[in-house]
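*Asks:* I would like to see how this sequence folds:
(chains A and B)
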There are 2 protein chains.
Amino acid sequence: MELQIPKGTRDVPPEEKIAKDRIVGTLKEVFELYGYAPLDTPILEKFDILASKYAGGAEIMKETFRLNDQGGRELGLRYDLTVPLARYVGMNQNIKMPFKRYQIGEVFRDGPVASARYRQFTQCDVDVVGASSMAADAEIVALAYAAFRKLKLEVVIKVNSRKLLNDALDYCGIPKEKQEAVILSIDKLEKFGINAVKNELNEQKIEDSKISRIIDITCVNGSNGEKISQLGKILKNSEGLKEAEEVLSYLQNMGCEADFDVSLARGLSYYTGTVFEGILKNSSVKSSVCGGGRYDNMVGAFLGKEGYPAVGISFGVDRIYDAIAEKQESKQKTSTKIYVIPIKTLSESMKIAQQLRAAGINTDIGLMERGPSKNLEYANSLGIPFVVFAGKKELEQGKLKLRDMGSGKEETVEIKEIIKKVRE
Amino acid sequence: MELQIPKGTRDVPPEEKIAKDRIVGTLKEVFELYGYAPLDTPILEKFDILASKYAGGAEIMKETFRLNDQGGRELGLRYDLTVPLARYVGMNQNIKMPFKRYQIGEVFRDGPVASARYRQFTQCDVDVVGASSMAADAEIVALAYAAFRKLKLEVVIKVNSRKLLNDALDYCGIPKEKQEAVILSIDKLEKFGINAVKNELNEQKIEDSKISRIIDITCVNGSNGEKISQLGKILKNSEGLKEAEEVLSYLQNMGCEADFDVSLARGLSYYTGTVFEGILKNSSVKSSVCGGGRYDNMVGAFLGKEGYPAVGISFGVDRIYDAIAEKQESKQKTSTKIYVIPIKTLSESMKIAQQLRAAGINTDIGLMERGPSKNLEYANSLGIPFVVFAGKKELEQGKLKLRDMGSGKEETVEIKEIIKKVRE
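*Replies:* This next block holds a predicted model:
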């Protein structure tokens, strides 16, 4: 039998898992700082829930892992955390609104193996259901800024409004039924440039004069205030512009400098208002590290009821990991702080390890009855900062030889001295 | 469409997820205190890996969820974290031994719906691969004691040795090929009593005289030392007894009082030496909350190589949760400490919320433009301990009205005073 993992999946070894756990821990801290509580839902969902026409849509269903249980029931592996959120809200009609929850979990997409995409990956979502105020949108963007500040990553968050894009396309004379496709083309401006987008719009049989107008509007420049004032001159009474202005003003009020980018659309079709996306500065990670927006119809349509406005954001844990990893010189393989090497003193050494642990110090001990040099090599390979040699003679004097693995300095001291030094 | 989750799965609402996260956090802390590092592996595994004859065995394969990817590859949902560990070790031959890892993740069993068992549940495993010394077994039992101490649960951990049971059955004249079945019957002594076990052994065509001997040995009583000395008189040169004695002596040396229980066998067939199981005292949770043992052949057999001794323990997060939940008067629904109620002061209130968050205080704010009493009701329903009313008049004086939701006491104070009070 050949030992392999499924295509598109991966193992996360300790040196990556330690860093990822730290990122997730930081994100959770910030989510709770902003009043969100954790939720968990099963990885298995009923297939008909995932396949609902108000759920992820036809494209995502092609990539949904499908399976049956022993009783022949049709199940699927969840492809996101938004559909489970909608289902949860529907099954728990007594929850108080607004429902502010975060969820971190694995999702699955059975995409083509040839692409570099993973088939199992971690999603990290923050959503508020029930609040229609633009203050909620602004708060989520502020939360994202706080998260990246805490992760020590420089980010700029672009903000726009789908509603504004629709208003702009109305103004440009694009019929409603064509607007969705045009918006998805506009979304490619930053990535593929003006000419590529013009070509796409040509293929959609949009007249050149209208394309020019669209490009002029979406490429409006200047400060956020200047953009708003220029757009205000042509888009009279645009609700979308008013909403964007409101979100940006709340953000400024909270000390967050978002970047109003009229070309930002986000790929998903369920957004109804504000959209946003975070890009790192000074990083080789060029793709967005977070993104989201307002989706006022999706939860309600899914539940067959009105009145479930929602806005949310998703963080890309793997990309954040890449951005942090490239700044680090070495990867931490263990959180162990000290390694006890017994020299024919296993029983006594185990007691010493227990004393160090009781003092809150992460401690490992040589259990393989190897010699000091093999043990030293082991501690070194894991990057453990301190080693203690537990020799008979020193132990009789109530002392141990402590080695600082960084400096190579050794000294024979009492255990309370060791605890003090390692804590420093 | 009816909103349902798959049979045997469940949602974990915030008030349970907060408590579970805390349990998992405590366990991780203790695992790292003992020198273990985290590992993550995919939920999807190749079906042939899961179905290997050295993996989980025929019974578990009946309960393995099976599925295909787009390319027709046969996959399965993992049913434990031990087979993925063996595969990982096999695929990473350069890892340093001993490999001390912990893994916390979801596993799946497609069991009969009628049983109360869950089909998706959290496993929490700690294993060391590569160390054959009984010191490793003792360390893992000591780790379990430390974990329950930190969780504020009283536990007693029973320890035995499979090898000792085999030696005892040799002594009783049970042929090797029958020993496995006899051991699985002995394991039921505590749960079903002597008569039930006698009946089972009768059905296995074991003579009455042998059954009496078996019962005498497995029901030996007294202190750990007394049991060892009694068994020593009849089982001369038993390696199993020597190992059990060694583990118990290491444990005593580390200040852990384990309970030597000769009837303990643990259900799984892959154990080769020490076995252990933790039972709570003073709890309505009667099933074991942790369990494990030494399995020296499984990883090697799986990899087709020798030299992979291993010992590990698994913690039952859900049972631990039940035991903690029954001691608590109320469930925490959010970690939010303070709720800001804007009274026609949304912009200013958002600024105040940001100040509180900057001070590290988990803060929520009324975003639904509801009146003070509705907002108060919301904060109360979530059990948030403090509320702040942001009225125009007070704000002009740089103050806010703070309400202690426990006592109902209100006072109008500056924000720095609020930060001080909430931190207390």
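
*Asks:* and the gap between A:K62 and chain B?
*Replies:* 8 Å (C-beta to the nearest C-beta, to the nearest Å). Using the backbone N, CA and C atoms, a C-beta is placed for each residue, glycine as well.

*Asks:* Quick one: neighbours of that residue, just the number.
*Replies:* Other residues near A:K62 number 11, with proximity taken as other C-beta atoms under 10 Å in any protein chain shown.

*Asks:* now swap in the one 4 residues further on and tell me
*Replies:* When neighbours are defined as other C-beta under 10 Å, A:R66 has 15 of them.

*Asks:* isn't A:N166 right next to A:G240, touching?
*Replies:* Yes: with contact defined as C-beta atoms under 8 Å, A:N166 counts as touching A:G240 (6.5 Å).

*Asks:* Remind me what the longest helix along chain A packs against, helices and strands.
*Replies:* As assigned by DSSP state H, the longest helix anywhere in chain A is helix A:14-33. If you count contacts as 3 or more C-beta pairs under 8 Å, 6 or more residues apart in numbering or on different chains; DSSP states H and E, helix A:14-33 packs onto strand A:99-108, strand A:120-129, helix A:134-150, helix A:317-325, strand B:37-38.

*Asks:* show me where the stretch 151-300 of chain A has helices.
*Replies:* Here the stretch 151-300 of chain A has its helices, by DSSP state H, counting those that start in this stretch, at A:162-171, A:176-186, A:189-203, A:208-218, A:224-234, A:239-253, A:298-303.

*Asks:* what's the helix or strand for the residue of the stretch 51-200 of chain A found nearest chain B?
*Replies:* Closest residue of the stretch 51-200 of chain A to chain B, C-beta to the nearest C-beta: A:L67 (3.9 Å). Assigned by DSSP states H and E, A:L67 belongs to strand A:66-68.

*Asks:* With A:V422 instead?
*Replies:* Judged by DSSP H and E, A:V422 forms part of helix A:415-423.

*Asks:* tell me which parts of the stretch 101-250 of chain A are close to chain B?
*Replies:* Within reach of chain B by C-beta under 8 Å from any C-beta of the partner chain, the stretch 101-250 of chain A has these residues: A:101, A:106, A:108, A:110-113, A:119-120, A:128, A:130-133, A:135-136, A:138-139, A:142, A:146, A:250.

*Asks:* Now the residue nearest the centre of chain A: closest residue in space, sequence neighbours ignored.
*Replies:* Nearest residue to the geometric centre of chain A (C-alpha atoms, centre = their mean): A:F315, 2.2 Å. Counting by C-beta to C-beta, 6 or more residues apart in numbering or on different chains, A:F315 lies nearest to A:C124, which is 4.3 Å off, once chain neighbours are set aside.

*Asks:* looking at it, that neighbour is touching A:I104, isn't it?
*Replies:* Yes: using C-beta under 8 Å, A:C124 is in contact with A:I104, at 4.7 Å.

*Asks:* picking up where we left off before, please name whichever of the helices of the stretch 151-300 of chain A is nearest to A:D80.
*Replies:* helix A:298-303 (11.3 Å; C-beta to C-beta).

*Asks:* quick one on the thing from earlier: residues touching the residue of the stretch 51-200 of chain A closest to chain B, list them.
*Replies:* Neighbouring residues of A:L67 by C-beta atoms under 8 Å, 6 or more residues apart in numbering or on different chains: A:L75, A:G76, A:L77, B:F65, B:R66, B:L67.

*Asks:* Tell me how far the closest residue to A:G273 other than its chain neighbours lies from B:L153.
*Replies:* Closest residue to A:G273 apart from its sequence neighbours, by C-beta to C-beta, 6+ apart: A:R294 at 3.7 Å. As for A:R294, its distance to B:L153 is 44 Å (criterion: C-beta to C-beta, to the nearest Å).

*Asks:* Looking at these two, which is more packed in?
*Replies:* A:R294 (29 against 20).

*Asks:* What's opposite that one in the beta bridge?
*Replies:* In this entry, A:R294 is beta-bridged to A:V311, by DSSP bridges.
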